[in-house]
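Student: here's my sequence, what's the structure:
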Amino acid sequence: MVESEAGEAVLRFVNTHADGGGRPELFGTARGFADWAAGHELLPPDVVVTESDAVAARELRDALVTVLLAHAAAPAPGLPDAEKYLEQAGARYPLVAVIGREGARLRPAAGGVPGVLAGVLGAVAEAAQGDVWGRLKACCNPPCHFGFFDRTRNRSGRFCSPGCSSQVSMRAMRKRRKDAEMA
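Tutor: Numbering: from 1, shown residues only. Alright, predicted model coming up:
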């Protein structure tokens, strides 16, 4: 569990991709994205979702995963492109500030799918205002890249679970053995 609603929303969104462990791709089709959004009460079930909407959701998610990999000190060669995409997405999916006596929050300026994607960007912005954004990371195990909240005191977490850490260690050990045998 993450310490903020915004952080939870970001992780729910980024953890929709397929991985080597059997997790399915939730945004692979328009129906998959629509079902996910309706299941999280982000879209009414009668809203028409197109394949291009699912592509937009995957692109936004993948850009966020790249940034979360950088948070975990993983190689993220696409980071400049991801940051540029996120900047463009901010213009494409605008937010409005809702200010009241309880404080201020960012809300999507539009409804439908653009509103869902703007809501994700709003959650990122809210997470960045506190101590949450830098602690949101993506697992450094290449087939996983599952988003997680780093609870380590020194913010050094790189893996979503001990299992992923072990897999990376085993691959590195096998590579060292193979390299030693070839030398």
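Student: may I have the helix or strand of the chain with the lowest mean pLDDT as CSV, with CA atoms only?
Tutor: Ranking every helix and strand in the chain by mean pLDDT, DSSP states H and E puts helix 162-182 at the bottom, with a mean of 82. Extracted in CSV, the C-alpha atoms of helix 162-182 (Å, rounded to 0.1, in the frame of the first residue of the first chain):
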residue,chain,number,x,y,z
PRO,A,162,12.7,-10.7,-3.3
GLY,A,163,11.9,-13.1,-6.1
CYS,A,164,12.7,-10.5,-8.8
SER,A,165,15.9,-9.6,-7.0
SER,A,166,16.9,-13.3,-6.9
GLN,A,167,16.2,-13.8,-10.6
VAL,A,168,18.5,-10.9,-11.5
SER,A,169,21.2,-12.3,-9.2
MET,A,170,20.9,-15.7,-10.7
ARG,A,171,21.2,-14.4,-14.3
ALA,A,172,24.3,-12.4,-13.3
MET,A,173,25.9,-15.4,-11.7
ARG,A,174,25.1,-17.6,-14.8
LYS,A,175,26.6,-15.0,-17.0
ARG,A,176,29.8,-14.8,-14.9
ARG,A,177,30.1,-18.6,-15.0
LYS,A,178,29.6,-18.6,-18.8
ASP,A,179,32.1,-15.8,-19.3
ALA,A,180,34.7,-17.6,-17.1
GLU,A,181,34.2,-20.8,-19.0
MET,A,182,34.8,-19.0,-22.3
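Student: return the set of buried residues in that helix.
Tutor: By neighbour count with 16 or more other C-beta atoms under 10 Å, helix 162-182 contains the buried residues 164-165, 167-168. (Glycine included, C-beta is placed from N, CA and C.)
Student: out of those, who's nearest E59?
Tutor: Among those, C164 lies closest to E59 (C-beta to C-beta), at 24.8 Å.
Student: which residues touch the closest residue in space to R92 that isn't next to it in sequence?
Tutor: Closest residue to R92 apart from its sequence neighbours, by C-beta to C-beta, 6 or more residues apart in numbering: P114 at 7.5 Å. By C-beta atoms under 8 Å, 6 or more residues apart in numbering, the residues touching P114 are 92-93, 108.
Student: what's the first helix or strand after the helix or strand where P114 lies?
Tutor: Element membership for P114 (DSSP states H and E) is helix 112-129. Next along the chain after helix 112-129, taking DSSP H and E as the criterion, comes strand 136-138.
Student: other SSEs contacting the following helix or strand past that following strand?
Tutor: The helix or strand immediately downstream of strand 136-138 is strand 147-149, counting by DSSP H and E. With contacts taken as 3 or more C-beta pairs under 8 Å, 6 or more residues apart in numbering; DSSP states H and E, strand 147-149 sits against helix 5-14, strand 136-138.
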